[in-house]
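J.: Provided below are the primary sequence and the corresponding predicted coordinates.
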Amino acid sequence: MAASSEGYWEAPSLEEETPTIHAFYQAQEKDREKQGGRTCELCRPLENEVTELLKTAFTFRCIEIIPMKQRNEMERKLIATLARCHECGPSESWLGLWAYSEKVQRSGLWNSEYVDDAYKMTISDLEEMERHVKK
């Protein structure tokens with residue numbers, strides 16, 4: 001994997017595809033690896049590379065929402081809204097396009113729960129989220 005000129009991480013194009021990534025794609029297509037299942041040996045090096053990239057190049061923000069019902073509702077709303085965002089889609093070389101889940105491929109999110117929900121966050125929901133972020 002390499003950084004694009006915009007700083008996004010993308011899989012190589014077909015013209016520059018390495019044997020490892022090509023083998024990964026073939027293994028994914030053949031075995032359709034399942035979440036929580038055993039990782040295929042051809043996929044392991046690439047999955048390790050992705051894990052390392054997530055640890056070193058990304059930051060995450062935890063938001064504390066104590067009542068479980070409220071936390072679960074906010075998660076559902078946020079995922080459903082992001083899944084419908086036309087401006088937030090993945091690149092054409094996003095590895096999720098090869099994911100085992102059709103919902104992941106379609107939504108552009110590494111998530112399959114709530115992506116088909118019809119909900120869209122309201123201004124009130126966004127203001128509530130902002131209050132939690134500022135805590």
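T.: Noted; the coordinates are in hand. Numbering: from 1, shown residues only.
J.: which element is the residue most central in space within the chain on?
T.: Central residue of the chain (CA atoms, centre = their mean): W110, 2.8 Å from the mean position. Per DSSP states H and E: W110 is located in neither a helix nor a strand.
J.: Would you confirm that it contacts G96?
T.: Yes. Using CB atoms under 8 Å, W110 makes contact with G96 at a distance of 6.0 Å. (Each C-beta comes from the backbone N, C-alpha and C, glycine too.)
J.: Identify the contacts common to the two.
T.: Common neighbours of W110 and G96, using CB atoms under 8 Å, 6 or more residues apart in numbering, are V104.
J.: Am I right that K120 is in a helix?
T.: No. Counting by DSSP: H, G, I helix; E, B strand; the rest coil, K120 is not part of a helix but coil.
J.: wait, it sits on A80?
T.: Yes. With contact defined as CB under 8 Å, K120 counts as touching A80 (7.1 Å).
J.: So for those two, which residue has more residues nearby?
T.: The neighbour comparison of K120 against A80 (other CB atoms under 10 Å) goes to A80, with 19 against 11.
J.: Leaving out sequence neighbours, find the closest residue to that one.
T.: D117 (3.7 Å; CB to CB, 6 or more residues apart in numbering).
J.: how far away is the one you found from K55?
T.: 30 Å (CB to CB, to the nearest Å).
J.: what's the spacing between L126 and C88?
T.: From L126 to C88 the distance is 15 Å (CB to CB).
J.: swap in Y114?
T.: For Y114, the distance to C88 equals 15 Å [CB to CB].
J.: Give me the more crowded residue out of these two.
T.: When Y114 and C88 are compared for neighbours, Y114 comes out ahead with 20 against 12, by other CB under 10 Å.
J.: Which pLDDT value belongs to that one?
T.: As predicted, Y114 sits at a pLDDT of 94.
J.: secondary structure class for it?
T.: coil.
J.: what residues are up against it?
T.: By CB under 8 Å, 6+ apart, the contact set of Y114 is E75, R76, I79, A80, A83.
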